[in-house]
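# When you get a sec, could you give me coordinates for this:
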Amino acid sequence: MARIHWQEGRDLVTRTVLPGIGVWAVVVGLGLLITGPLSVIDHHEDRISADFNRARTDTLDPVSTVFSHVGNTEYVIGVCLLVVAILWWRTRDLRWSVVPLVSISLQATIFLFATMAVGRQRPPAIPMDASPPTSSYPSGHTGASTALYFSLLLMAATRIERDGLRRLVMTVCGVLPVLVGLARLYRGAHHISDVVAGMLNGVVCALLAYHWWKATRREKAAQRVAAAVA
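I've put the predicted structure just below:
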């Protein structure tokens, strides 16, 4: 059974938390540009929000509700913990199992502090949901679902051997965050740049979590070879 020692905790910090500070700086920098020198884009984004308002139908409304809920905090955490439990049960590899958890935790931290730094107002659309207390930028629903499902996409590409099943899982994991982002736009919760920034945050966090696992695996393999030679 693989165990995580304090040295690996240090590696986790250096490979995910420290780069995550850089991700936060980029996300915040983009947000401050959008709300400051580039605020002219608000006019164009408001037109997109209005287009989504006009596109609402009795058929699409419940569909958007479903995919908006996919990005809810409780849903993302629940799915993540279930996946982690299943991976741990099947592999007994703790590092591998917690990759999605590391991804969504890093994303949530960056998202929280980014909303505090930027403080963007919601779009002037007719909202279909009560707005969370956080600001509009970046989209937390999109970021959380992207961090979860993109990390699972990377893991599926690595471990699923059957081509058909691998392609199916990767397609579902790639499409879900996009549908969440579209649902949030449809429901008047975010500007399009909020959704793009949330997706960027999620993708990078998933990559950082995945490469943390990959780096620790290489290091463990090198240690085993060194021990065998000695």
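# burial count for the spatially closest residue to residue 174 that is not a sequence neighbour?
Closest residue in space to residue 174, ignoring its immediate chain neighbours: residue 153 at 5.7 Å, by C-beta to C-beta, 6 or more residues apart in numbering. C-beta coordinates here come from the backbone N, C-alpha and C atoms, glycine included. Using other C-beta atoms under 10 Å, residue 153 has 23 neighbouring residues.
# Poorly predicted segments of this structure, please.
Within the chain, the ranges that satisfy pLDDT under 70 run 1-8, 219-230.
# which parts of the longest helix belonging to it are buried?
The helix spanning the most residues in the chain, taking DSSP state H as the definition, is helix 192-229. Residues 192-210, 212-214, 216 are the ones in helix 192-229 that count as buried (16 or more other C-beta atoms under 10 Å).
# And stretch 37-45, by the same measure?
Under the neighbour-count criterion of 16+ other C-beta under 10 Å, stretch 37-45 has 42, 45 buried.
# what kind of secondary structure is residue 50 in?
Following DSSP: H, G, I helix; E, B strand; the rest coil, residue 50 is assigned to helix.
# looking at it, it is touching residue 125, isn't it?
Yes. Between residue 50 and residue 125 there is a contact under C-beta atoms under 8 Å: 7.0 Å.
# Mind checking which of the two has more residues around it?
Counted by other C-beta under 10 Å, residue 50 and residue 125 do not tie: residue 125 has more neighbours, with 20 against 15.
# could you pull out the helices for this protein?
6-12, 18-35, 41-54, 60-70, 73-91, 94-97, 99-118, 140-159, 163-186, 192-229.
# closest to residue 130 out of those helices?
Nearest to residue 130, of all those, is helix 60-70, at 12.0 Å by C-beta to C-beta.
# quick check, distance from the closest one to the centre of its chain.
Distance of helix 60-70 from the chain centroid (C-alpha atoms, centre = their mean, to the nearest Å) equals 18 Å.
# I'd like to know which elements that helix is packed against.
Helices and strands touching helix 60-70, as assessed by 3 or more C-beta pairs under 8 Å, 6 or more residues apart in numbering; DSSP states H and E, comprise helix 163-186.
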